[in-house]
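*Asks:* Following is a predicted model, sequence given first.
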Amino acid sequence: MRPLSTNDIESELSYAYLHAVASKVGASCSIANRSLDGNGIDAAITGWGPFPGGGYLEEITVHIQLKATVSVPVEQNGHLSYFLSETRRYDDLRADTVSVPRILVVLFLPANAADWLTISPNELIMKKCAHWTSLRGAGASTNKTGETVYLPTSQILDTNNLTNILTKLSRKEILTYTKP
């Protein structure tokens with residue numbers, strides 16, 4: 001058996017991050033099966049309400065496209081850049097013809113792999129964090145290989161923001177893309 005590649009380790013850390021945040025808010029986090037993965041869905045989070053300030057929906061699912069990178073993003077007007085390879089994935093995320101909302105979650109890791117994870121008797125520390133965005137409402141790509149997307153620096157995927165996502169969806173609000 002061969003060890004995981006660096007890209008596979010980055011990917012597994014993004015799943016661990018997502019699972020930890022979902023668990024902390026009492027939501028389920030499930031890894032997508034092969035057919036969902038083929039359609040740009042890596043995971044699904046389901047939360048149950050009532051949500052604080054939420055609407056009448058008490059069960060919310062959101063599909064997640066997970067990415068991880070050691071590339072340093074460019075910060076522009078409160079947004080972090082990320083090149084999403086495969087225009088097909090970009091189109092999947094911006095589609096308004098799906099019943100379950102989709103978001104992109106990008107885990108930005110330190111350049112040095114030795115800094116990704118630290119474990120001691122008192123702490124488990126993962127360096128850096130993930131940001132999220134919805135691409136719903138984003139314009140069509142003119143590029144064949146992928147698209148640079150922008151994730152608001154305020155949209156760290158943490159317990160507060162995940163709760164806010166679920167709350168907005170419980171009110172049937174549409175998560176939309178904001179570009180710098």
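*Replies:* Sure thing, it's come through.
*Asks:* Could you use CA atoms for every contact and neighbour count after this?
*Replies:* Will do.
*Asks:* May I ask which helix or strand of this structure has the lowest mean pLDDT?
*Replies:* helix 34-37 (a mean of 66; mean pLDDT, DSSP states H and E).
*Asks:* Moving C-terminal from that one, which element do we reach first?
*Replies:* Sequence order places strand 43-48 as the next helix or strand after helix 34-37, per DSSP states H and E.
*Asks:* who does that following strand pair up with?
*Replies:* strand 28-31 (antiparallel), strand 59-69 (antiparallel) (DSSP bridges).
*Asks:* Tell me, how many residues neighbour residue 105?
*Replies:* Neighbour count of residue 105, defined by other CA atoms under 10 Å: 22.
*Asks:* how about stretch 57-75: buried residues?
*Replies:* 57, 58, 60, 61, 62, 63, 64, 65, 66, 67, 68, 69 (16 or more other CA atoms under 10 Å).
*Asks:* Also stretch 152-161?
*Replies:* 152, 153, 155, 156, 157, 158, 159, 161.
*Asks:* Find out how far that stretch is from the centre of the chain, if you would.
*Replies:* 10 Å (CA atoms, centre = their mean, to the nearest Å).
*Asks:* can you tell me which two in the buried residues of stretch 152-161 are farthest apart?
*Replies:* 152 and 159 (16.3 Å; CA to CA).
*Asks:* what are the C-alpha coordinates of the longest helix seen in the chain, in CSV please?
*Replies:* With secondary structure taken from DSSP state H, the chain has its longest helix at helix 6-24. Output of helix 6-24 as CSV, limited to C-alpha atoms (Å, rounded to 0.1, in the frame of the first residue of the first chain):
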residue,chain,number,x,y,z
THR,A,6,0.4,15.5,-0.5
ASN,A,7,-2.8,16.5,-2.4
ASP,A,8,-4.7,13.6,-0.8
ILE,A,9,-3.5,14.7,2.7
GLU,A,10,-4.7,18.3,2.0
SER,A,11,-8.0,16.9,0.9
GLU,A,12,-8.4,14.7,4.0
LEU,A,13,-7.6,17.7,6.2
SER,A,14,-10.3,19.7,4.5
TYR,A,15,-12.8,16.9,5.3
ALA,A,16,-11.7,16.8,8.9
TYR,A,17,-12.1,20.6,9.2
LEU,A,18,-15.6,20.5,7.7
HIS,A,19,-16.6,17.6,9.9
ALA,A,20,-15.3,19.3,13.1
VAL,A,21,-17.2,22.6,12.4
ALA,A,22,-20.4,20.7,11.5
SER,A,23,-20.2,18.6,14.6
LYS,A,24,-19.7,21.6,16.8
